[in-house]
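Colleague: Give me a 3D structure for the following:
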Amino acid sequence: MELKQFQQHILQGIPSQLPSAKTYEVNINHAPKRKAILNNEEKKLAIQNALRYFEQQHHALLAKEFIEELNTYGRIYMYRFRPDYKIFARPINDYPHQSIQAAAIMHMLSNNLDYAVAQHPHELITYGGNGAVFQNWAQYLLTMQYLATMTDEQTLVLYSGHPMGLFPSHKDAPRVVVTNGMMIPNYSKPDDWEKFNALGVTQYGQMTAGSFMYIGPQGIVHGTCITVMNAARKVSKSEEDRLGKLFVTCGLGGMSGAQPKAAKIAGLVSVTAEINPKAVHTRQSQGWVDEVYDNLDLLIPRIKKATAAKEAVSLAYQGNVVDLWERIVKEDMKIDVGSDQTSLHNPWAGGYYPVGLSLEESNEMMASNPDKFKTHVQETLVRHANAINTLTKQGMYFFDYGNAFLLEAGRAGADIYKELPAIKGGHIGATFRYNSYVQDILGPMCFDYGFGPFRWVCTSADENDLRKTDEIALHVLEEIYKTAPNEIKPQLNDNIVWIRDAMKNNLVVGSQARILYADSEGRVKVAEAINKAIASKEISAPVVLGRDHHDVSGTDSPYRETSNIYDGSKFTADMAVQNFVGDSFRGATWISLHNGGGVGWGEVINGGFGLVLDGSADADRRLKSMLFWDVNNGIARRAWARNKEANFAIKREMERTPNLKVTIANLVDENIINSLSL
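Modeller: Numbering: from 1, shown residues only. Below is the predicted model of the structure:
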């Protein structure tokens with residue numbers, strides 16, 4: 001399709017003349033059929049809601065089409081309106097626009113739906129089985145039209161994928177404000193998502209899917225690399241001894257697909273189980289998995305050979321992870337590090353598959369007999385946990401990867417508690433046998449010091465621009481390292497190595513993006529230098545700054561991001577909400593606030609942002625104000641929770657920034673507390 005035609009399609013929005021119906025493409029990785037949860041009256045309401053986007057003359061035809069979609073797939077996706085043009089992160093000026101900031105958002109949004117990036121592109125799902133950019137194709141078409149026509153004195157408001165409209169604002173306001181799944185608290189159970197999503201009134205935006213900040217699996221490779229490398233260090237005598245350690249895990253989807261790539265960069269032997277052959281093929285075709293096996297009789301000797309030779313190699317098992325774990329137990333193999341990254345935030349709708357059933361049988365059962373499917377899943381989780389327990393007794397270091405594995409295994413009745421939970425279901429008072437990776441690694445090593453997944457995207461779609469940003473970031477980090485305190489030199493050194501090798505490791509999938517764990521100082525200085533390079537034409541087009549919500553301040557998640565908060569406040573969400581609000585008036589180009597992400601609907605609140613650098617003095621002002629707040633908000637909260645690393649970091653920042661005054665926690669002698677008569 002020619003550029004002019006593409007631009008015309010964007011500008012027309014929802015067409016007044018119906019496009020031809022689309023053929024269901026079986027070669028595409030589709031979302032599983034959702035369970036039937038609406039009664040007949042609610043189905044009528046769902047159809048009424050869907051038809052609001054279309055002129056009355058089309059209602060009779062579309063009503064029949066939409067009820068068929070609802071009955072067949074459990075959702076109304078409006079497949080007919082899926083555009084014929086290819087969706088990917090085009091060069092920014094290919095998008096029709098009156099605001100360069102809005103064009104940058106179109107670039108980011110499109111990347112989330114690129115076939116090379118999205119998990120279920122025809123259902124507008126980027127990753128995690130249910131992390132949606134929009135609920136349906138009408139919302140996509142209308143949003144793109146709004147973005148193409150808006151000015152810098154308007155703000156687009158998005159309610160869980162629905163474009164509420166363009167509202168007058170001002171140049172310093174965000175161009176887009178996104179909320180996803182913001183439910184009244186008593187309506188935030190998993191079945192509430194199923195129901196209200198089927199009605200077309202809310203969606204699960206995950207963390208970076210519904211906020212247009214996903215950069216493919218690279219977005220998690222760096223954090224995964226840090227995690228598995230430091231997990232291996234826990235069972236190693238030296239850096240040399242660490243190389244070639246064996247890491248066994250599960251998941252090759254949108255986020256979990258980063259595991260084999262990261263483990264190889266870290267110099268480990270990795271074995272990753274995945275039941276979906278399309279996901280396995282995707283990761284192998286991208287070069288992120290070296291070898292694939294569907295026969296354990298062949299895989300087991302290959303693992304033994306790789307570990308004996310201390311190879312840095314990524315192996316995949318196309319099959320059920322419990323079959324793999326139980327075979328490892330039977331073989332009495334030594335495993336160094338174990339984890340799991342299946343989408344257990346979504347256990348009943350394709351996030352986790354029970355042993356003994358094929359992929360097709362599971363997909364059928366989860367829709368036709370959800371209660372029976374749930375029983376199979378929970379029985380499998382118990383077996384899964386039993387195998388893990390056996391291997392940890394033999395010396396394996398196992399960590400929960402923040403995917404709700406321990407939470408759901410506990411709910412299934414598995415033996416994964418140090419102590420019994422205070423209430424049924426494994427919530428308040430539960431003490432798991434295994435720590436999460438945030439408790440053991442990312443929390444004290446990174447988040448408490450302010451280090452987290454800072455990222456940027458070159459909207460020119462030009463690799464040369466990305467290469468230039470890498471050079472800039474490397475120079476900035478090397479300069480910071482010279483005078484950095486010893487407490488953060490290890491983090492800086494790991495990131496210097498990372499960014500130096502970034503191009504060599506072939507990390508780009510989709511947009512020309514980069515991720516780099518950096519603290520407030522690093523983020524501000526890298527962004528400032530990139531903005532200057534845009535002004536001097538060393539970089540040819542604007543650059544978008546962002547981060548994963550999985551960061552210092554962006555997310556309140558008691559079983560993941562804030563699992564190393566021990567003052568009882570990990571079940572509160574003030575930090576994420578304050579982060580979202582504070583970013584908005586400090587200069588973010590767009591902001592997002594989500595219920596759900598990573599560990600599940602109702603289990604987490606997270607906030608995110610995007611900031612466009614265009615080489616201007618205005619962008620320089622915004623980045624300094626917004627990035628400083630975005631990090632230090634979280635450090636202050638972590639310091640108040642008595643985290644010693646955060647206490648160090650916030651005191652250091654107050655010494656450097658006179659206008660920063662943070663309430664510091666007074667520490668109590670434990671003998672005083674322990675002497676109390678309770």
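Colleague: Now do the end-to-end distance for stretch 496-513.
Modeller: The first and final residues of stretch 496-513 sit 17 Å from each other (Cα to Cα, to the nearest Å).
Colleague: and the gap between the residue lying closest to F399 once chain neighbours are set aside and K234?
Modeller: Leaving aside its sequence neighbours, F399 sits nearest to Y437 (Cβ to Cβ, 6 or more residues apart in numbering; 4.7 Å). Backbone N, C-alpha and C define where each C-beta goes, glycine included. Applying Cβ to Cβ, to the nearest Å, the value for Y437 to K234 is 11 Å.
Colleague: cool, P163 as well?
Modeller: For P163 relative to K234 (Cβ to Cβ), the value is 47 Å.
Colleague: Between those two, point out the one with more neighbours.
Modeller: P163 (23 against 14; other Cβ atoms under 10 Å).
Colleague: Partner strands of the strand or helix carrying that one and their direction?
Modeller: Using DSSP states H and E, P163 falls within strand 162-168. Its sheet considered, strand 162-168 pairs with strand 154-159 (antiparallel) by DSSP bridges.
Colleague: which outside residues touch stretch 291-306?
Modeller: For stretch 291-306, contacts defined as Cβ atoms under 8 Å, 6 or more residues apart in numbering pick out 244, 246, 269, 271, 280, 284, 313-319, 323-324, 327-328, 331, 333.
Colleague: List the buried residues for it?
Modeller: V292, Y293, L296, L299, I300, R302, I303, A306 (16 or more other Cβ atoms under 10 Å).
Colleague: Just to be sure, which of those are found in helices?
Modeller: L296, L299, I300, R302, I303, A306 (DSSP state H).
Colleague: closest to I673 among those?
Modeller: I303 (48.5 Å; Cβ to Cβ).
Colleague: so what pLDDT did the closest one get?
Modeller: Among the per-residue scores, I303 shows a pLDDT of 97.
Colleague: Also the one 5 residues further on?
Modeller: Turning to A308, the model gives it a pLDDT of 95.
Colleague: Distance check, it against W193.
Modeller: Taking Cβ to Cβ as the measure, A308 and W193 are separated by 47 Å.
Colleague: For the two, indicate the residue with more neighbours.
Modeller: Each of A308 and W193 has its neighbours counted (other Cβ under 10 Å); W193 has more, 25 against 10.
Colleague: from the middle of its chain, how far away would the strand or helix carrying K374 be?
Modeller: Following DSSP H and E, one finds K374 within helix 370-393. Chain-centre distance of helix 370-393: 25 Å, with Cα atoms, centre = their mean, to the nearest Å.
Colleague: likewise stretch 621-636?
Modeller: That offset, for stretch 621-636, works out to 21 Å (Cα atoms, centre = their mean).
Colleague: same thing with stretch 368-384?
Modeller: With Cα atoms, centre = their mean, you get 25 Å for stretch 368-384.
Colleague: Kindly report the same for stretch 68-81.
Modeller: For stretch 68-81, the distance to the chain centre is 26 Å (Cα atoms, centre = their mean).
Colleague: same thing with stretch 307-324?
Modeller: Counting by Cα atoms, centre = their mean, stretch 307-324 comes out at 24 Å from the chain centroid.
Colleague: ok, and for that stretch, which residues are buried?
Modeller: 307, 310-324.
Colleague: do stretch 71-85 as well
Modeller: Within stretch 71-85, the residues that count as buried by 16+ other Cβ under 10 Å are Y73, G74, R75, I76, Y77, M78, Y79, R80, F81, R82, P83.
Colleague: ok, back up a step: sheet-wise, list the partners of the helix or strand following the helix holding K374 with their directions.
Modeller: Per DSSP H and E, the first helix or strand lying C-terminal to helix 370-393 is strand 397-398. Strand 397-398 has its sheet partners listed here by DSSP bridges as strand 337-338 (parallel).
Colleague: Run through who's touching the strand it pairs with.
Modeller: By Cβ under 8 Å, 6+ apart, the list of residues contacting strand 337-338 from outside reads 228, 231-232, 234-235, 245-249, 268, 388, 391-392, 396-399.
Colleague: hmm, 6 Å instead?
Modeller: By Cβ atoms under 6 Å, 6 or more residues apart in numbering, the residues outside strand 337-338 that reach it are A231, A232, F247, V248, M396, Y397, F398.
Colleague: and what of stretch 562-576?
Modeller: Contacts for stretch 562-576 (Cβ under 6 Å, 6+ apart): 436, 438-439, 443, 553, 555-556, 558, 605-607, 637, 641.
Colleague: Run the chain-centre distance for that stretch.
Modeller: With Cα atoms, centre = their mean as the basis, the distance from the averaged C-alpha position of stretch 562-576 to the chain average is 19 Å.
Colleague: average pLDDT across it?
Modeller: Stretch 562-576 comes out at a mean pLDDT of 94.
Colleague: now swap in stretch 29-42 and tell me
Modeller: Averaged across stretch 29-42, pLDDT comes to 94.
Colleague: what does stretch 437-455 give?
Modeller: Mean pLDDT, computed over stretch 437-455, is 93.
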